[in-house]
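Undergrad: Here is the input, now give the coordinates:
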Amino acid sequence: MPAYDFHTVNVFTDQRFAGNPLAVLPDAAGLTDAQMQAIAAEFNLSETTFVLPPTDPRHHAHVRIFTPRHELPFAGHPNVGTGFVLATMAGDPPEHYSFEQLAGLVRVHILRDTTGAISGARVAAPRSLSIDIGIPVEVVAACASLPETDIATLSHTPLVASVGTQFIIAELAGPEALARATPDLAAFRAAAERFPQLAGHVMLHLYTWLPGDERRIRARMFAPLDGIQEDPATGSANAALAALLTSIGPGDNLDLQYAIEQGVEMGRPSLIIAAAVKTGEGPVSASVAGTCVPVMRGTLQV
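TA: Numbers count the residues shown, from 1 in each chain. Model prediction:
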């Protein structure tokens, strides 16, 4: 019976049992698509990654990312965690990894602490910001079980944005409204039927500004149709959020960084450092960075 090693890490935190857990299979060669999906469902984490040989020898690996129900083209915390796991296994890793993924080539820069120990990673989103359809306020409010008055629309109305994976992004009136948000499964199913462009992936990223710093944010992400009732830390959503906020900022040239808290309401606090750059000559690019903590190692049989 084939056996595969796995590692789990907590991502976007420096505390064990906080942040967003991730399972990584560092050598998944030989697994079928169905087996990968079944393994991701068995771990039942927001994502599980499978490291395969690259199709182009100039790259380090082909990395596939699965939620308990679907494969994703790109995600932030799986790339941060996978880079961390591969770097710690290597002992003397390269400064960065290049991962082939459905959304494109992902560059993962390895981070070290003040002692030189590997501490985490920074991930450049594989695509520049794209903004798709607008989503009515009433749809967001229904999905989040909130009154429409809790949805803020002064800076932007709810919309679909992506730097590799699509999210509905909506601003809320304040932290109290964010804390009251609860995913309504029936409303998510109705939204999936109403907006076939989302291909069934109705992933709702809600955020609000925190007092004291104009670029300090708290966020929550719900994706019950993908088997994720709530995600403790969503790098791809926060990369898209950083790119969106930077794109609507004043001026043609901006290089901004955002400290984004997530998972607080779940008891798994996370800290994501998201950054975005826009220039008058080109598209808006984004990255996310964070630290990781190893948790478990083991072997699973297939």
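
Undergrad: What confidence value was assigned to Gly280?
TA: Gly280 is assigned 84 on the pLDDT scale.

Undergrad: What about it, how many residues nearby?
TA: 7 (other C-beta atoms under 10 Å). The C-beta positions use only the backbone N, C-alpha and C, and glycine is treated the same way.

Undergrad: My guess is it contacts Leu254. True?
TA: No. The pair Gly280 / Leu254 is not scored as a contact, 10.1 Å apart, by C-beta atoms under 8 Å.

Undergrad: in the longest helix seen in the chain, what counts as buried?
TA: Ordering each helix of the chain by length in residues (DSSP state H) puts helix 76-90 first. Neighbour-count burial for helix 76-90, counted by 16 or more other C-beta atoms under 10 Å, picks out 76-88.

Undergrad: cool, and stretch 215-228?
TA: The neighbour-count check on stretch 215-228 (16+ other C-beta under 10 Å) flags 217-228 as buried.

Undergrad: Identify the farthest-apart pair in these.
TA: Across those, the longest distance by C-beta to C-beta is 25.5 Å; it joins Ile217 and Gly227.

Undergrad: List the contacts of the nearest residue to Leu22 once chain neighbours are set aside.
TA: Ranked by C-beta to C-beta, 6 or more residues apart in numbering and with sequence neighbours excluded, the top spatial neighbour of Leu22 is Gly81, at 3.9 Å. The neighbours of Gly81, taking C-beta atoms under 8 Å, 6 or more residues apart in numbering as the test, are 9, 11, 22, 24, 49, 121, 292.

Undergrad: So which residues of the stretch 1-150 of the chain form strands?
TA: Using DSSP state E, counting those that start in this stretch, the strands assigned to the stretch 1-150 of the chain run over residues 3-11, 20-25, 48-52, 61-66, 71-72, 96-101, 104-112, 118-124, 130-134.

Undergrad: so which of those gets nearest Ile39?
TA: strand 48-52 (6.3 Å).

Undergrad: chain center to that closest one: distance?
TA: Computed by C-alpha atoms, centre = their mean, to the nearest Å, the chain-centroid distance of strand 48-52 equals 16 Å.

Undergrad: what do you get for stretch 180-191?
TA: On C-alpha atoms, centre = their mean, the centre of stretch 180-191 falls 20 Å from that of its chain.

Undergrad: mind checking the end-to-end distance for that stretch?
TA: End-to-end distance of stretch 180-191 (C-alpha to C-alpha, to the nearest Å): 20 Å.

Undergrad: How about stretch 30-48?
TA: End-to-end distance for stretch 30-48: 16 Å, by C-alpha to C-alpha.

Undergrad: and it, what's its mean pLDDT?
TA: Taken as a whole, stretch 30-48 carries a mean pLDDT of 97.

Undergrad: Now do it: everything it contacts.
TA: Residues from elsewhere that reach stretch 30-48, judged by C-beta under 8 Å, 6+ apart: 2, 4, 8, 20-25, 28, 50, 64-69, 71-72, 75, 77-78, 227-228, 231-232, 234, 300, 302.

Undergrad: So among the residues you listed, which ones count as buried?
TA: Neighbour-count burial (16+ other C-beta under 10 Å) applied to the contacts of stretch 30-48 gives 4, 8, 20-25, 28, 50, 64-68, 72, 75, 77-78, 227-228, 231-232, 234.

Undergrad: which one among the buried residues of helix 76-90 gets closest to Met203?
TA: Met203 has its nearest neighbour among these in Gly76, at 12.6 Å by C-beta to C-beta.

Undergrad: And that closest one, how close does it get to Ser236?
TA: Distance of Gly76 to Ser236, given as C-beta to C-beta, to the nearest Å: 4 Å.

Undergrad: anything in contact with each of the two?
TA: Joint contacts of Gly76 and Ser236 (C-beta under 8 Å, 6+ apart) are 125, 288.

Undergrad: Which residue ranges of the stretch 151-300 of the chain form strands?
TA: Ranges of strands in the stretch 151-300 of the chain, per DSSP E, counting those that start in this stretch, are 151-152, 159-162, 166-172, 204-209, 216-223, 228-231, 254-262, 270-279, 282-301.

Undergrad: Which stretch among those strands is buried most, on average?
TA: strand 166-172 (a mean of 26; mean count of other C-beta atoms under 10 Å).

Undergrad: No further queries at this time; thank you.
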